[in-house]
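# Fold the following and give me the result.
(chains A and B)
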Amino acid sequence: MTPETPTCLAEAINGALHHLMAGDESVVLIGQDIGRLGGVFRVTRGLQKRFGDSRVRDALLAESSIVGQAIGMALCGLKPICEIQFEGFIYPAMNQIVTQAARITTRWNEDQPLHLVIRIPVGGGIRAVEHHSESNEAYFAHTPGLHVAFPSCPTDAATMLEYSCNLGTPVVFFEPKRLYWNRKRQLRDESEPRSALGARTVRRGSDITVVAYGAVLEEVLAAGNQLAGTVDIEVVDLRWIAPMDTDTVLASVRRTGRLLVVHEAVGFGGVGAELVAIVAERGSHDLKSPMRRLAPPRRVYPPAEDENTYLIGVPDIVGAIKEMCG
Amino acid sequence: MLHHMLVARGIDDEAALLQNQGAVDLWLSCRGQEAAQVASAMAVGEAAVIFPSYREHAVAVVRGVDAVSLVAQWAGRTYCGWNPRRHRLFPYTLVVAAQTLHAVGYAIGMRIKNAAETVVVYIGDGATSEGDMSEAMNLAAVESAQVLFICQNNGWAISKPSREQSLTSIAARANGFGIRSWSVPADDPVATYLHCLEARHHVETTGSPGLIELQTTRIGGHSSSDSHASYRDPEELAAAAAGDPVTRYRQRLLRARIVDADWLDRVDAEVAIARRRLVAEFGR
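Residues are numbered from 1 along each chain as shown, chains lettered A, B, ... in the order given. Okay, the predicted model is just below:
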């Protein structure tokens, strides 16, 4: 079932889920339409057939009950992995995530791990209807007690998911939708993150550090290729939004002297703001030019006809880099 | 049962005094609900994991939580003063009804592990307005989860009376979800115990959920910060105090010679020790 080299995000996650469930019978999946249908994105295809409907559970259409019951299962020693159908439907479960899952270990005086992963397809660029294209990671990053994962490639998606399942702390695991079945990827330099929770330098360069995560990383790498020969860009894939590996970013900025952060979520109060603030506090003496963020404005995600204008594209990234390095 | 009711009352009285002196930050009295709590907790037995709300102090006493551990979270020391596993009493949940889904998930999880057992969750009448409560009842019904919902209806969600919270009783709503339910007066611990035993028996023998609504009385305010005299009639408050289940049960057992003055003295001495420990720990 698991291909040797996963070719897209959905297959990699499917392979990781097979591997996790085969190796640990306490792993259970809960989500809407994940069993018979294999999930709306077919990420869980084949799992119910192999592991049965007791461990691959088609949930009711009630997100709070998906996460709430998963918390109860985790308290009885299982390792539930939930699937929420789209990021826009996570809000009915916010109370369970923020006031319960994130706090249970503290409430239990650090005496109760909580094995809980909440998988959420995220992001736009797929011509979807309202509530199916957004990026809401900042809400979760702001909540103490949660880990927030945001892989950008199949290999990371699989290893980060396996890590999350055994972490003992709730993980909100974002899966960029437009990478699910995308098999054409930009080439990346091979480098290992310094830890399981670390960022990864996916392109080595000396003129500017560009930090991104998720699907937009592909656009950043494409921009890097376009600029090759003129500007030598270093690209850091954050991978985890919380905790955030700012050390890797600071080390990179120390070499390049410039920082651009690119993300698909609204810029205001976002992940880029946090990262820029940290570099301002700890690394401003290394800077040759003002830092910048590239992210959509604080505006409701537009209907599909306008999403390409709204989203950050390769020309935006190329333009910003040229301005910063000019 | 009288023993636990008297201990719970003693802790409640002392915690309220300590709060009044500023030594405890907030206290949510269970005064008037001791019969409902002690009887139901004893009826479900020692083995069942309990997911409480936040006012189940007498349930905690039944489960062997000592006074200091019980009051610690209300004095800002911790978010749970006892060991939840040892007492099989999980931490209080202050976001009401959130724990109902945890209880249902726990029961489903135990069944997945082939170790099905009865799980108990306490909620108040106010919590039944929350969406999670409806989701939990529906999920429990459709999954046939071995969960006993114990709803203490004390007539008030802080200042909102039950009659303004819903047109139907919570027991009737549970029926609507396909859950067997009971609604019983719960000022008499003996009758309450027997009703809860029946509900537990249903859950255990059918492996499906049950809900018992215990009609009880909140003698105090919602919390130590609540001046309930501003929204409750003096007559209602007087009747609540006069119907105090602890006093009545004490008198009843004394009159029936089931307990005697010596026994009561011994319990009083035990309560006095618990109260002194509270003062020593939190008094300033």
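
# Mind listing what's buried along stretch A:300-318?
Buried residues in stretch A:300-318, counted by 16 or more other CB atoms under 10 Å in any protein chain shown: A:301-302, A:304, A:307, A:310-314, A:317-318. For the C-beta atoms, the positions are set from N, CA and C on the backbone; glycine is no exception.

# interface residues of chain A facing chain B?
Applying CB under 8 Å from any CB of the partner chain, one finds that chain A approaches chain B through A:26, A:28, A:54-55, A:60, A:62, A:64-65, A:67-78, A:80, A:92, A:95-96, A:99-100, A:103, A:106-109, A:111-112.

# can you give me the helices in the stretch 51-200 of chain A?
Counting by DSSP state H, counting those that start in this stretch, one finds helices in the stretch 51-200 of chain A at the ranges A:63-75, A:94-95, A:104-107, A:137-141, A:154-165.

# returning to that earlier point: buried only: go through the residues of chain A next to chain B for me.
Buried among the residues of chain A next to chain B by 16+ other CB under 10 Å: A:26, A:28, A:55, A:60, A:62, A:64-65, A:67-76, A:78, A:80, A:92, A:95-96, A:100, A:103, A:107-108, A:112.

# Now for the closest residue to residue B:157 other than its chain neighbours: which residues touch it?
In this structure, residue B:157 finds its nearest non-sequential neighbour in residue B:126, 2.9 Å apart by CB to CB, 6 or more residues apart in numbering or on different chains. Counting by CB atoms under 8 Å, 6 or more residues apart in numbering or on different chains, residue B:126 touches B:96, B:156-158, B:160, B:165.

# Any chance of the residues you listed in CSV with pLDDT and neighbour count as columns?
Formatted as CSV, these follow (pLDDT from 0 to 100; neighbours: other CB atoms under 10 Å in any protein chain shown):
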residue, pLDDT, neighbour count
B:96, 96, 19
B:156, 88, 22
B:157, 90, 19
B:158, 90, 12
B:160, 91, 14
B:165, 91, 16
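
# Would you mind listing what in the stretch 151-284 of chain B touches chain A?
Taking CB under 8 Å from any CB, no part of the stretch 151-284 of chain B reaches chain A.

# Okay, strands next: where are they in the stretch 151-284 of chain B?
Here the stretch 151-284 of chain B has its strands, by DSSP state E, counting those that start in this stretch, at B:156-157, B:160-161, B:180-185, B:210-215.

# most neighbours per residue, which of these?
With neighbours taken as mean count of other CB atoms under 10 Å in any protein chain shown, those reach their highest mean count in strand B:210-215, at a mean of 26.

# partner strands of it, parallel or antiparallel?
Partners of strand B:210-215 in the sheet, by DSSP bridges, are strand B:147-153 (parallel), strand B:180-185 (parallel).

# In PDB, list the C-alpha atoms belonging to it.
Provided in PDB are the C-alpha atoms of strand B:210-215 (Å, rounded to 0.1, in the frame of the first residue of the first chain):
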ATOM      1  CA  GLY B 210     -29.300   6.500  30.500                       C
ATOM      2  CA  LEU B 211     -30.100  10.000  31.900                       C
ATOM      3  CA  ILE B 212     -31.400  10.700  35.400                       C
ATOM      4  CA  GLU B 213     -32.600  14.200  36.300                       C
ATOM      5  CA  LEU B 214     -32.300  14.800  40.000                       C
ATOM      6  CA  GLN B 215     -34.600  17.600  41.100                       C
END
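
# and it, what's its mean pLDDT?
The average pLDDT within strand B:210-215 is 98.

# Same question for stretch A:279-287.
On average, stretch A:279-287 scores 96.

# Buried residues in that stretch, which are they?
Result for stretch A:279-287 [16+ other CB under 10 Å]: buried residues A:279, A:283, A:286-287.

# How about residues contacting that stretch?
A:246, A:249-250, A:253-254, A:257-259, A:291.

# middle-most residue in chain B, spatially?
Residue closest to the average C-alpha location in chain B (CA atoms, centre = their mean): residue B:56, at 3.6 Å.

# In what element of secondary structure is the nearest residue to it once chain neighbours are set aside found?
With sequence-adjacent residues excluded and distances taken as CB to CB, 6+ apart, residue B:56 is closest to residue B:122, at 5.3 Å. Secondary structure from DSSP states H and E places residue B:122 in strand B:119-124.

# Would you mark the buried spots in the next helix or strand after that strand?
Later in the chain than strand B:119-124, the nearest helix or strand by DSSP H and E is helix B:131-143. Residues of helix B:131-143 classed as buried: B:132-141, B:143 (neighbour count, 16+ other CB under 10 Å).

# So for helix B:131-143, mean pLDDT?
What helix B:131-143 shows for mean pLDDT is 98.

# sec struct for residue A:234, please.
strand (DSSP: H, G, I helix; E, B strand; the rest coil).

# give the contact list for it.
Residues counted as contacts of residue A:234 (CB under 8 Å, 6+ apart) are A:201, A:203-210, A:252, A:255-256.

# one step back: could you dump the strands paired with strand B:210-215 to JSON lines with mean pLDDT?
As requested, the strands paired with strand B:210-215 are exported to JSON lines (pLDDT from 0 to 100):
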{"stretch": "strand B:147-153", "mean pLDDT": "97"}
{"stretch": "strand B:180-185", "mean pLDDT": "98"}
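
# can I get those in TSV with distance to residue B:89?
Below are the strands paired with strand B:210-215 laid out as TSV (distance: least, CB to CB, whole Å):
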stretch	distance to residue B:89
strand B:147-153	13
strand B:180-185	23
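
# Which of those sits closest to residue B:21?
strand B:147-153 (28.2 Å; CB to CB).

# the strands in the stretch 51-200 of chain A, which residues?
Under DSSP E, counting those that start in this stretch, the stretch 51-200 of chain A gives strands at A:56-58, A:79-83, A:117-122, A:147-149, A:171-176, A:200-203.

# Quick one: the ones you listed as CSV, columns for distance to residue B:66 and mean pLDDT too.
Shown next, in CSV, are the strands of the stretch 51-200 of chain A (distance: least, CB to CB, whole Å; pLDDT from 0 to 100):
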stretch, distance to residue B:66, mean pLDDT
strand A:56-58, 40, 98
strand A:79-83, 34, 98
strand A:117-122, 37, 98
strand A:147-149, 36, 98
strand A:171-176, 36, 98
strand A:200-203, 51, 98
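
# could you dump the ones you listed to JSON lines with distance to residue B:26?
What follows is the strands of the stretch 51-200 of chain A, written out as JSON lines (distance: least, CB to CB, whole Å):
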{"stretch": "strand A:56-58", "distance to residue B:26": "39"}
{"stretch": "strand A:79-83", "distance to residue B:26": "34"}
{"stretch": "strand A:117-122", "distance to residue B:26": "32"}
{"stretch": "strand A:147-149", "distance to residue B:26": "32"}
{"stretch": "strand A:171-176", "distance to residue B:26": "32"}
{"stretch": "strand A:200-203", "distance to residue B:26": "47"}
